[in-house]
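Enquirer: This is a predicted model, with the sequence first.
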Amino acid sequence: MLEVLRHQDLEGVLATVVRYFGGVKLGAGGLVRAYTDCVAQALLHAEKITLQRMSTLQCSLPYAMEGWLRRELELAGAALLNVQHQAAVCMQWSIPEDQSSGLIERINEGGQGRINWLKFWPS
């Protein structure tokens with residue numbers, strides 16, 4: 001069962017097979033084949049999700065730029081996590097780590113110096 005998982009190059013996966021019949025009609029080799037086939041069939045139908053490192057970014061900006069930043073985040077495929085409307089708009093989002101630098105550059109360029117990057121979320 002473990003070799004089937006290793007062959008699929010999966011991480012963080014557990015395979016469990018429950019056997020209701022306690023007899024020995026299959027024999028040791030038959031049990032190995034049955035368990036292996038069971039895991040292989042389950043993996044054929046399982047949804048596989050790629051794990052990727054995410055960056056959480058946050059900034060404050062003038063109200064007039066909120067719509068623009070929302071469009072930029074949507075185009076980049078970022079997930080908007082939180083928005084606070086205070087003296088300025090504070091926005092927090094997550095994006096795959098490998099795409100974050102390109103988005104930061106676009107935001108800095110389009111923000112024309114009016115973007116304030118935050119290390120900690122304002123309370």
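Expert: Arrived safely. Just so you know, these numbers come straight off a predicted model, no measurement behind them.
Enquirer: The chain: strands as residue ranges?
Expert: 54-61, 79-85, 89-96, 116-117 (DSSP state E).
Enquirer: Turn those strands into a markdown table, including mean pLDDT, mean neighbour count and distance to residue 15.
Expert: All C-beta spots, glycine's among them, are computed from the backbone N, C-alpha and C. As requested, the strands of the chain are exported to a markdown table (pLDDT from 0 to 100; neighbours: other CB atoms under 10 Å; distance: least, CB to CB, whole Å):
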| stretch | mean pLDDT | mean neighbour count | distance to residue 15 |
| --- | --- | --- | --- |
| strand 54-61 | 95 | 18 | 27 |
| strand 79-85 | 96 | 12 | 31 |
| strand 89-96 | 96 | 18 | 28 |
| strand 116-117 | 95 | 13 | 44 |
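Enquirer: Turn these into a markdown table, including distance to residue 3.
Expert: As requested, the strands of the chain are exported to a markdown table (distance: least, CB to CB, whole Å):
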| stretch | distance to residue 3 |
| --- | --- |
| strand 54-61 | 31 |
| strand 79-85 | 36 |
| strand 89-96 | 31 |
| strand 116-117 | 47 |
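Enquirer: Tell me which other helices or strands the longest helix anywhere in the chain touches.
Expert: Taking DSSP state H as the criterion, the chain has its longest helix at helix 27-45. Packing partners of helix 27-45 (3 or more CB pairs under 8 Å, 6 or more residues apart in numbering; DSSP states H and E): helix 2-7.
Enquirer: contacts for the helix it packs on?
Expert: Residues outside helix 2-7 that contact it (CB atoms under 8 Å, 6 or more residues apart in numbering) are 13, 15, 36, 39, 40, 43.
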